[in-house]
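1. next one to model:
(3 chains)
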Amino acid sequence: MDFLKDPVAFIAKVLSDLLAAFLPAPVVSVLLLIIGVVVVASFSLVLPLFLIWFERRVVGYMQDRLGPNRVGPEGLLQTIADAIKLMIKEDITPYGADKVVYNISPVLAVIAVISMWAVVPFAHNIMGTDLNVGALYIVSVGSLGTLAIMLGGWASNNKYALLGAFRTVAQLVSYEVPMILSLLVPVLLARSMGLNDIVKAQEVWFIFLAPVAAFIFFTTSVAEVGRTPFDLLEAESEIVAGFHIEYSGMKFGMFFVAEFLHAFTVGALTAVLFLGGWRGPGAETYPLLGVAYFMIKAFAGYFLVILMRAALPRIRIDHMLDLNWKFLTPLALGAIVVIALADKAIEPWLQTLQPGIAPWARGGVLLLANLLLVLVTYLLLSNSARRIRRAAERGASGGDAEHHDEHHEEAHAAPAH
Amino acid sequence: MPALQIIFLIAAAATLISGIMVVTARNLVHAALWLIVSLFSVAILFVLLEAGFLAAVQVVLYIGAIAILIIFAIMLTRRVMQDTGPQTNQQWWVGAIIAVALFAALFVVLRQVTYPEVTTAIPPDSLKALGNSFVDPNQYMLPFELASVLLLAAMIGAIAVAGDKK
Amino acid sequence: MLDNWTFIGLFLLMAAIFPGVPIILQSLILGPKKSNPVKNSVYECGIETVGDTWVQFKVQYYIFALVFVVFDVETVFLFPFAVAFNAVSLFAVFEVTFFILILVAGLVYVWRKGALEWV
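-> Numbering: from 1, shown residues only, chains lettered A, B, ... in the order given. Sure, this is the predicted structure:
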């Protein structure tokens, strides 16, 4: 077998031939499994070193200044210098902190993020493992991260950490609902929960089939990470550093690494679910090209996350929760219903078309259904905004005497528009 | 002993031991954490039964939603840092006798069941069959719809009890 | 299929070890250990802490988690339906729409009751 056509199987065969000389067969297979685990886990842990430098440089350029560019060529070793600094700091545990929980919490936060990379498909035959419930697995390990934050905030024996942890968990838990709902849409379109199956089903990228779901998934995943504009978790000017006030040294470093890796994972998951993952010209025959396409798309998603951080202000917590429960959740539910109905209704018609244009026809119809949903949402929102504006104008200009006129005014105004 | 059996024994022991720790821990939040360990061990047992979907659902719902709800309730209603009340009351021996009697009765009953060994493999598209069974009028469509009514009732009941602050 | 889950199990173990090593390295080996009461005191914007560490009970936190549980269960019900989408009929899609509508009714109830406000 060719290295270019199937790199993982080739390397596995070479290694197993090497090891079979002095180890029994089941031990060899377990050892290969462990080597695979170590490779994927190390990749996902080494990646933040590059991601942090990338983010600081890009944010710097967006703010019309240079980012770190002294340490190493173009500042690439800056993250390593920061890691060394964190390593040699003193480990301060606050008085009265719950030792076990205080120490487990950063480890749990990192576990939650690294474990997501076990099911991400880099190419059609390069991935950690092809789990048949990959999408739900990603949600389940994401929820471990929420738990880690709450435990970290509570274990610090600090009022501000506890308050920050509660607000954080309220935000994360709220935004998980539209995230899971919009995750349902690619599963629906691909008829499978496995991430590799979802990528294989994207002859037309799902972002064209379900732009509403892509927008909701991206936004809610950014809120799950705790990035601006949703970064109440660590609003420096409001509650100091939120739940990680009392963490210093490498424990804080672990929270930091987990956040940046999670931000990149959001980009990678958007690429896998909506931008076609490793798909591209020639990716089927040369898996390494597939890896390249995937990384380009993942970095494009990550760049968008950084752009949002550099450009948008923080939103208030009650606006944020209103946005989630009163806009994103109904919109996500509506998107599921619309896409399910549309996909099922055109199924008999699609079978009469040629196999070449069937995916594009399906894409066109679903895109139209999505645009219809967006139009209906816009009309509903503008209607309610008009009503609120009208009530505010009445309240500001009239006072109590004109209350009984409000109904007449609105009844007259509505047909006029 | 095959590896599967070893993993089962470890997971079952973890479930039982963390279950005991839940009820004997002095600190309530520690009890909630032991509960999370217990639920995670049950997820491992689901994996051993080749029910990967149920294992993921166990983690998402129980650990990601219900455990967080329990921890919220604990943290918001008690000053848990200093919570070291008495662990048992005066009638603890009555509870112990009842628990041992119940365990003995269950043990006797379960010993009399013959567990047939399943030799057919689980079909690879069991998840698809599950989804189909939810919406097939001949199978579980009615319980599926009733489940949504049950969830609605739960939500309304909770808001009626907890949300009347205005 | 068990091979996949064995990978995941080993991955979780490795994922627990990887961050544990730098933390242990830093706190036990590399970091200086000169603790004094001022350094270890809890942060409160530069003043001494007053009273115990607890937060006033706000029912909002609990209600958000509660509504989240209900919608989480609903979504988990929808996942097998999504996987079996090829084999179901159009009538089934209407059934699932009905399922979703019942829970949207619940959301509207919670909204109108004012339980989603953060005051």
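
2. which secondary structure element of chain B has the lowest mean pLDDT?
-> Least confident helix or strand of chain B, by mean pLDDT, DSSP states H and E, is helix B:67-77 with a mean of 84.

3. after that one, which helix or strand is next?
-> Once the chain leaves helix B:67-77, the next helix or strand it forms, by DSSP states H and E, is helix B:92-111.

4. quick check, pLDDT for the residue lying farthest from the centre of chain C.
-> Relative to the C-alpha centroid of chain C, counting by C-alpha atoms, centre = their mean, C:Lys34 is the outermost residue, at 36.5 Å. Each residue has a pLDDT score; the one for C:Lys34 is 75.

5. so it sits against A:Glu90, correct?
-> Yes - C:Lys34 lies in contact with A:Glu90 (C-beta atoms under 8 Å); the separation is 6.8 Å. For glycine as for every other residue, the C-beta is placed from the backbone atoms N, C-alpha and C.

6. quick one, phi/psi of B:Ala121?
-> phi -70, psi 150 (degrees, to the nearest 10).

7. what's around it, how many residues?
-> For B:Ala121, the tally of surrounding residues (other C-beta atoms under 10 Å in any protein chain shown) stands at 7.

8. could you do A:Asp343 as well?
-> A:Asp343 has 21 neighbouring residues, counting by other C-beta under 10 Å.

9. what is the helix or strand harbouring it packed up against?
-> Assigned by DSSP H and E, A:Asp343 falls within helix A:329-345. When contacts are defined as 3 or more C-beta pairs under 8 Å, 6 or more residues apart in numbering or on different chains; DSSP states H and E, helix A:329-345 packs onto helix A:159-190, helix A:211-225, helix A:358-397, helix C:90-112.

10. wait, does the second one make contact with chain B?
-> No - Helix A:211-225 stays clear of chain B (C-beta under 8 Å from any C-beta of the partner chain), getting no nearer than 11.9 Å.

11. what packs against that helix?
-> Secondary elements touching helix A:211-225 (3+ C-beta pairs under 8 Å, 6+ apart): helix A:159-190, helix A:206-209, helix A:249-274, helix A:287-311, helix A:329-345, helix A:358-397.

12. repeat for the last one
-> In terms of contacts (3+ C-beta pairs under 8 Å, 6+ apart), helix C:90-112 is packed against helix A:329-345, helix B:126-135, helix B:141-162, helix C:59-83.

13. using TSV, lay out those helices together with mean pLDDT.
-> Formatted as TSV, those follow (pLDDT from 0 to 100):
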stretch	mean pLDDT
helix A:329-345	91
helix B:126-135	87
helix B:141-162	89
helix C:59-83	89
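
14. looking at these, which is nearest to A:Asp197?
-> helix C:59-83 (9.8 Å; C-beta to C-beta).

15. now the closest one: buried residues?
-> For helix C:59-83, burial by neighbour count (16 or more other C-beta atoms under 10 Å in any protein chain shown) applies to C:60-83.

16. stretch A:280-292 too?
-> For stretch A:280-292, by 16+ other C-beta under 10 Å, it's A:283-284, A:287, A:289-292.

17. not counting sequence-adjacent ones, nearest residue to the residue in chain B that chain A sits nearest to?
-> Proximity of chain B to chain A (C-beta to the nearest C-beta) peaks at B:Gly64, 2.7 Å away. Nearest non-adjacent residue to B:Gly64, counting by C-beta to C-beta, 6 or more residues apart in numbering or on different chains: A:Ser143, 2.7 Å away.

18. look at that neighbour and say how many residues are nearby.
-> 25.

19. tell me the secondary structure for it?
-> helix (DSSP: H, G, I helix; E, B strand; the rest coil).

20. from what I can see it touches A:Glu176, true?
-> Yes - with contact defined as C-beta under 8 Å, A:Ser143 reaches A:Glu176; the gap is 7.0 Å.

21. spit out the residues that contact those two alike.
-> Shared contacts of A:Ser143 and A:Glu176, defined by C-beta atoms under 8 Å, 6 or more residues apart in numbering or on different chains, comprise B:Gly64.

22. from the centroid of chain B, which residue is nearest?
-> Central residue of chain B (C-alpha atoms, centre = their mean): B:Leu39, at 5.8 Å.

23. pLDDT-wise, which helix or strand of chain C ranks last?
-> helix C:37-40 (a mean of 72).

24. just how off-centre is it within its chain?
-> 33 Å (C-alpha atoms, centre = their mean, to the nearest Å).

25. cool, stretch A:14-29 as well?
-> So, by C-alpha atoms, centre = their mean, the centroid of stretch A:14-29 is 39 Å from its chain's centroid.

26. could you do stretch A:277-287 as well?
-> That offset, for stretch A:277-287, works out to 23 Å (C-alpha atoms, centre = their mean).

27. the helices in the stretch 51-200 of chain A, which residues?
-> Along the stretch 51-200 of chain A, counting by DSSP state H, counting those that start in this stretch, helices occupy A:78-87, A:99-114, A:134-155, A:159-190, A:195-200.

28. pipe the ones you listed into CSV and attach mean pLDDT per row.
-> Listed next are the helices of the stretch 51-200 of chain A as CSV, based on pLDDT from 0 to 100:
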stretch, mean pLDDT
helix A:78-87, 87
helix A:99-114, 89
helix A:134-155, 89
helix A:159-190, 88
helix A:195-200, 90
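
29. could you dump those helices to a markdown table with distance to A:Leu366?
-> Compiled in a markdown table, the helices of the stretch 51-200 of chain A are given as follows (distance: least, C-beta to C-beta, whole Å):
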| stretch | distance to A:Leu366 |
| --- | --- |
| helix A:78-87 | 42 |
| helix A:99-114 | 32 |
| helix A:134-155 | 19 |
| helix A:159-190 | 8 |
| helix A:195-200 | 15 |
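
30. nearest to A:Leu380, of those helices?
-> With C-beta to C-beta as the measure, helix A:159-190 is the member of those nearest A:Leu380 (17.0 Å).

31. show me which positions of the closest one end up buried.
-> Applying 16+ other C-beta under 10 Å to helix A:159-190 flags A:159-190 as buried.

32. can you narrow those to ones near chain B?
-> Okay, of those touching chain B (C-beta under 8 Å from any C-beta), that's A:162, A:166, A:169, A:173, A:176.

33. I figured the second one hits C:Gln60, correct?
-> No - at 9.6 Å, A:Phe166 does not count as touching C:Gln60 under the criterion of C-beta under 8 Å.

34. before we move on, the earlier item: so for A:Asn103, which of the helices and strands packed on helix C:90-112 sits nearest?
-> helix C:59-83 (25.4 Å).

35. hmm, back to that, kindly indicate which of the buried residues of stretch A:280-292 lies nearest chain B.
-> Nearest member of the buried residues of stretch A:280-292 to chain B, counting by C-beta to the nearest C-beta, is A:Glu284, at 23.5 Å.

36. helix, strand or coil: sort out the closest one for me.
-> Going by three-state DSSP, the state assigned to A:Glu284 is coil.

37. can you tell me which residues contact it?
-> With C-beta under 8 Å, 6+ apart, A:Glu284 has these contacts: A:124, A:290.

38. at 7 Å what do you get?
-> For A:Glu284, the contacting residues are A:His124, by C-beta atoms under 7 Å, 6 or more residues apart in numbering or on different chains.

39. what pLDDT does it get?
-> 79.

40. got the phi and psi for it?
-> With angles defined as degrees, to the nearest 10, A:Glu284 sits at phi -70, psi -40.

41. for A:Arg70, same thing?
-> phi -100, psi -50.

42. that one: neighbour count?
-> For A:Arg70, the count of nearby residues is 10 (other C-beta under 10 Å).
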